[in-house]
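Participant: A structural model of the following input is requested.
(one chain, ligands or ions: 1)
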Amino acid sequence: MYKPVNLAKDVFYVGVNDRRTHLFENMWPLERGVAYNSYLITDEKVALIDGVEIGQVERFLKKIRAVLGARPIDYLVINHMEPDHAGAIQILRELYPDMKLVGNKKTIPMIDGYFGFSDNCIEVDEGSKLELGNHTLQFFMIPMVHWPETMVTYLLEEQILFSADAFGSFGTLDGGIFDDEMDFDYFKDEMRRYYSNIVGKYGSPVRKALEKLATLDIKMIAATHGPVLRTHIAEVLDMYNRWSNYMGEEGVVIAYASMYGHTEEMAEVIAREIAEQGVRSIRMYDVSKTHPSYIISDIFKYNSLILGSPTYSNGLHPNLESLVNKLETIGIPQRNFGFFGNFTWAGAAVKRLQGFAETSGWKVVGVPVEEKHALKSSKYEACRELGRAMASVVKNGK
Ligand SMILES: Cc1cc2nc3c(=O)[nH]c(=O)nc-3n(C[C@H](O)[C@H](O)[C@H](O)COP(=O)(O)O)c2cc1C
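Facilitator: Numbers count the residues shown, from 1 in each chain. The predicted structure follows:
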């Protein structure tokens with residue numbers, strides 16, 4: 001019934017869209033859903049590359065059968081064992097009992113651990129090849145992008161890279177499957193939100209993977225989420241190069257918490273001064289309103305960050321603390337950093353942010369401002385001074 005979508009002759013897209021799940025990994029908002037991409041190659045042997053999340057298996061199987069009819073699958077290539085791709089393994093194995101699972105030495109113990117079997121598995125290694133007939137698959141390991149077993153599969157004859165979660169994105173494929181069939185700008189933002197929050201900690205493994213992939217001629221990148229890339233490959237590789245090197249463009253993210261508006265007022269003063277100094281890219285977020293994944297995405301985009309918080313139970317406001325914890329986990333090596341806070345009887349927020357600044361190794365810009373009660377003229381001027389200092393560093397590097 002389904003009209004097959006070809007990436008090349010005998011290479012098919014059989015992925016599915018999920019618009020029902022609200023939170024990816026039960027954490028990251030999916031405003032426009034997510035796609036679980038899977039690919040089928042038909043030759044003397046049939047290979048399926050990655051699967052889908054278990055809840056989406058029905059439509060997935062329909063798409064497979066639309067291509068294969070009653071023909072069995074010979075190989076299931078498992079580039080990545082995360083359950084949003086590997087969840088359908090059990091069902092696929094029951095439907096196709098002779099199907100061999102193709103993974104590396106780290107994949108197979110995970111198959112055993114999750115599903116309780118390790119028979120019918122083929123272990124591949126760096127550079128191993130699997131012949132399907134007229135098509136040859138070659139495997140390259142990209143450990144910790146973003147799980148240890150992750151590998152990519154390269155289809156030599158068509159120069160298609162099946163890249164697992166690398167180059168993936170949130171967002172369903174609303175009709176368009178390929179990057180030139182859609183408004184790709186939306187996906188660039190969602191690709192950064194996906195990368196920064198899910199893969200962002202692993203800059204060094206990503207850089208190693210990019211070096212390895214640079215030796216391949218790539219006509220198409222087929223990731224497990226988001227559009228199939230055939231037009232924007234160079235641009236996306238460049239984006240990955242910048243993100244994995246934690247290079248931020250000129251701009252300031254200001255993220256604050258505020259219960260009664262005093263900390264917010266300080267943030268407004270700082271932002272206005274930065275703008276008056278000529279910085280055009282300023283993104284201001286109330287951490288109680290905006291999910292941290294969007295804020296972290298912008299912290300990856302821009303080279304400077306200012307955090308502000310009221311003191312709350314002798315610490316940071318819990319939502320700001322949560323953002324700081326996430327930043328500590330990711331460990332971005334360098335940003336220009338300013339901070340400020342507000343309190344009523346004994347300030348602790350600025351002290352906590354000072355501690356974060358020291359452990360992060362970031363360049364502290366300006367003098368931190370801490371106001372007691374309402375904003376008064378001396379701290380108003382101190383906020384402006386912090387804004388001026390930040391604008392100078394953003395624009396002039398000092
Ligand atoms: C639940 C709660 C806990 C607080 N804990 C502290 C505290 O430990 N030390 C302090 O000096 N002020 C504390 N405050 C007072 C706030 O820091 C103060 O009201 C501040 O001005 C709030 O800033 P905002 O207007 O930006 O929300 C607390 C306030 C609330 C509501």
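Participant: pLDDT score assigned to the residue of the stretch 51-200 of the chain found nearest the ligand?
Facilitator: For the stretch 51-200 of the chain, the nearest residue to the ligand under the criterion CB to the nearest ligand atom is residue 197, separated by 26.4 Å. For every residue, glycine as well, the C-beta is placed using N, CA and C. With respect to pLDDT, residue 197 scores 98.
Participant: before we move on, what about residue 398?
Facilitator: Residue 398 is assigned 85 on the pLDDT scale.
Participant: please enumerate the strands of the stretch 101-250 of the chain.
Facilitator: Defined through DSSP state E, counting those that start in this stretch, the strands belonging to the stretch 101-250 of the chain, from first to last, are 121-123, 129-131, 136-141, 151-155, 160-162, 220-222, 249-256.
Participant: let's test this: name the helix or strand in the chain with the lowest mean pLDDT.
Facilitator: Of all the helices and strands that make up the chain, helix 83-86 has the lowest average by mean pLDDT, DSSP states H and E, namely a mean of 94.
Participant: how about that one: buried residues?
Facilitator: When burial is assessed from 16 or more other CB atoms under 10 Å, helix 83-86 yields the following buried residues: 84, 85, 86.
Participant: do stretch 215-223 as well
Facilitator: Using 16+ other CB under 10 Å as the burial criterion, the residues of stretch 215-223 that qualify are 218, 220, 221, 222, 223.
Participant: next, residue 332: phi, psi?
Facilitator: Recorded main-chain torsions at residue 332 are phi -60, psi 130, according to degrees, to the nearest 10.
Participant: residue 65 - how many residues pack around it?
Facilitator: Taking other CB atoms under 10 Å as the neighbour definition, residue 65 ends up with a count of 15.
Participant: which is the next helix or strand following the one helix or strand it maps to?
Facilitator: The secondary structure element spanning residue 65 is helix 57-68 (assigned by DSSP states H and E). For helix 57-68, the succeeding helix or strand toward the C-terminus, using DSSP H and E, is strand 75-77.
Participant: okay, now the sheet partners of that next one, with direction.
Facilitator: For strand 75-77, sheet partners with direction are given as strand 46-49 (parallel), strand 100-103 (parallel), following DSSP bridges.
Participant: ok so, going back, now the next helix-or-strand element following the least confident helix or strand of the chain: buried residues?
Facilitator: Scanning forward in sequence from helix 83-86, with DSSP H and E defining helices and strands, the next element found is helix 89-95. Buried residues in helix 89-95, counting neighbours by 16+ other CB under 10 Å, are found at 89, 92, 93.
Participant: quick one: is the longest strand along the chain near the ligand?
Facilitator: Counting residues, the longest strand in the chain under DSSP state E turns out to be strand 302-312. Yes. Shown here: strand 302-312 in contact with the ligand (CB under 6 Å from any ligand atom) through 310, 311, 312.
Participant: with stretch 322-341 instead?
Facilitator: No. Where contact is defined by CB under 6 Å from any ligand atom, no part of stretch 322-341 touches the ligand; the two come within 8.1 Å at best.
Participant: next one: that stretch to chain centre, how far?
Facilitator: Taking CA atoms, centre = their mean, to the nearest Å, one finds stretch 322-341 lying 18 Å from the centre of the chain it belongs to.
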